[in-house]
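Enquirer: starting from these lines, generate the structure:
(one chain, ligands or ions: 2)
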Amino acid sequence: MLPAMKTVEAEEEYAEDCPELVPIETKHQEKEENLDFIIKIPVTIVTGYLGAGKTTLLNYILTEQHNRKIAVILNEFGEGNAVEKSLAVSQGGELYEEWLELRNGCLCCSVKDNGLKAIENLMQKKGKFDYILLETTGLADPGAVASMFWVDAELGSDIYLDGIITVVDSKYGLKHLTEEKPDGLVNEATRQVALADMILINKTDLVSEEELNKLRTTIRTHLSNILDLHAYDTLSGISLQKKLQHVSTAPHLDQSIVTVTFDVPGSAEEESLNVFIQNLLWEKNVKNKDGRCMEVIRLKGLVSIKDKPQQMIVQGIHELYELEESRVNWKDDAERACQLVFIGKNLDKDILQQLFITAVAETKEQTTAPGQDGACPPH
Ligand SMILES: Nc1nc2c(ncn2[C@@H]2O[C@H](COP(=O)(O)OP(=O)(O)OP(=O)(O)O)[C@@H](O)[C@H]2O)c(=O)[nH]1
Ligand SMILES: [Zn+2]
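Expert: Ligands and ions are numbered 1, 2, ... in the order given. The predicted structure follows:
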């Protein structure tokens, strides 16, 4: 899936530099040293809407057999998000993780100034990698992220963009691709698909063949103009430049989508936690201070459930959610806590946190907490 190509340029230079009459072992060593300086390191951008399955793909790549030293760079959304970090850790393999610290919470807005620096720092700290996988946030405009590599090519950086993989969720992909944005802006999901070198349609187990075909057709027809550019796809820089001309990059994210995180000490009753989540994702009856219904697009959490030794992981995407055991046990009761991340519209941290504490941490009975009255229309 990820081509192991060195650049042609690097191969040629190497051929010239390579000494001829030396013992095999030394030659091998020198080869490695030389390559260290010459070979450019490929970067694959893994993008896709919130919850599409980017991290799952990265974990899959990392746990498959490979003889490569792969670095994974994840970009952080919102301030100091410990939950996102702990949820993204891979289970095995030679994994080096680096988080891009983002001043304004958005990779596409701040990557130009510090993205490459973060990667270069990472390489200085950990030595060279054979491959870099960069997962964008679900709301990133991959065009802006990609163009940083193309600009940098002129500056002689030792990394280059190998390609953009866009992961599309079979269940919600169509909804994301057809979502209308104000001022006729192109939505994030469409941008991500438009700039893809490879599109991975994921979660096919959740839909029928018919739904899947509909999604495929939408992707094809919707974007045929842009995808046709692949006809000239010989050097990634050129085709990318062309693609970027067609899909101008968005300077800013949709401001109506916000991230809320909180950390509540203690353990939750499993049933109460389910009720809390279901009110939010299924009943959709939780309102913010302005009386608007909260709309959760993505939910992630690391929670403690009473009487369960393992740390539990919550994963939610629109109205689908699951609660699963992680492989990590709580060390002692003192550290038990529930950390949650919500990404969506009309979210209010105080109300969500209070609701969580009321519903989960303190009482078993269902009470009507603030912000939770009357039904909200479906969204
Ligand atoms: N049914 C099903 N679920 C999947 C599949 N792939 C991933 N998931 C689930 O989808 C959820 C989200 O997956 P992630 O890999 O975290 O998605 P992501 O794109 O990295 O999410 P963000 O970084 O939050 O945007 C998890 O609960 C996964 O287990 C699949 O093929 N089928
Ligand atoms: Zn992810």
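Enquirer: closest point of this protein to ligand 2, which residue?
Expert: Thr55 (3.3 Å; CB to the ion). C-betas here are computed from N, CA, C, even on glycine.
Enquirer: helices and strands of this protein: which one has the lowest mean pLDDT?
Expert: Lowest on mean pLDDT, DSSP states H and E among the helices and strands of the chain sits helix 8-17, with a mean of 38.
Enquirer: on that earlier part again, the residue of the chain closest to ligand 2 is in contact with Thr137, isn't it?
Expert: No. Between Thr55 and Thr137 there is no contact, the gap being 11.2 Å when judged by CB atoms under 8 Å.
Enquirer: more neighbours, these two?
Expert: The neighbour count for Thr55 versus Thr137, taken as other CB atoms under 10 Å, is higher for Thr137 (27 against 20).
Enquirer: tell me the secondary structure at that one.
Expert: Taken by DSSP: H, G, I helix; E, B strand; the rest coil, the conformation at Thr137 corresponds to coil.
Enquirer: name the residues of stretch 137-145 that are buried.
Expert: For stretch 137-145, burial by neighbour count (16 or more other CB atoms under 10 Å) applies to Thr137, Gly138, Leu139, Ala140, Asp141, Pro142, Gly143, Ala144, Val145.
Enquirer: and stretch 302-314, by the same measure?
Expert: Leu302, Val303, Ser304, Ile305, Lys308, Gln311, Met312, Ile313, Val314.
Enquirer: show the pLDDT at Lys69.
Expert: Note on Lys69: pLDDT of 76.
Enquirer: Leu133 is in contact with that one, correct?
Expert: No. Lys69 lies out of contact with Leu133 (CB under 8 Å); the separation is 11.8 Å.
Enquirer: comparing those two, which residue is more hemmed in?
Expert: Taking other CB under 10 Å, Lys69 and Leu133 do not tie; Leu133 has more neighbours (24 against 16).
Enquirer: am I right that the more buried one sits in a strand?
Expert: Yes. Counting by three-state DSSP, Leu133 is found in a strand.
Enquirer: now do the helices in the stretch 201-350 of the chain.
Expert: 209-222, 224-227, 236-246, 270-278, 349-356 (DSSP state H, counting those that start in this stretch).
Enquirer: give me the mean pLDDT for the fourth one.
Expert: It refers to helix 270-278. The model assigns helix 270-278 a mean pLDDT of 95.
Enquirer: repeat for the second one
Expert: For helix 224-227, the mean per-residue pLDDT is 56.
Enquirer: again with stretch 203-218
Expert: Mean pLDDT, stretch 203-218: 96.
Enquirer: quick thing: my sequence starts at 294, can you match it?
Expert: Happy to do that; since the first residue is 294 now, the last one works out to stretch 496-511.
Enquirer: near ligand 2, which residues of the chain are found?
Expert: Counting by CB under 5 Å from the ion, the chain comes close to ligand 2 at Lys347, Thr348.
Enquirer: which intervals of the chain have sub-threshold pLDDT?
Expert: 294-331, 358-359, 368-411, 414-415, 418-419, 421, 443-449, 477, 516-548, 654-672 (pLDDT under 70).
Enquirer: that one: strands as residue ranges?
Expert: 334-341, 363-368, 388-393, 424-428, 452-462, 491-495, 550-558, 588-596, 603-610, 613-622, 630-638 (DSSP state E).
Enquirer: just send those back as JSON lines, with distance to ligand 1 too.
Expert: Output for the strands of the chain, formatted as JSON lines (distance: least, CB to the nearest ligand atom, whole Å):
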{"stretch": "strand 334-341", "distance to ligand 1": "5"}
{"stretch": "strand 363-368", "distance to ligand 1": "8"}
{"stretch": "strand 388-393", "distance to ligand 1": "13"}
{"stretch": "strand 424-428", "distance to ligand 1": "7"}
{"stretch": "strand 452-462", "distance to ligand 1": "6"}
{"stretch": "strand 491-495", "distance to ligand 1": "5"}
{"stretch": "strand 550-558", "distance to ligand 1": "10"}
{"stretch": "strand 588-596", "distance to ligand 1": "5"}
{"stretch": "strand 603-610", "distance to ligand 1": "3"}
{"stretch": "strand 613-622", "distance to ligand 1": "6"}
{"stretch": "strand 630-638", "distance to ligand 1": "7"}
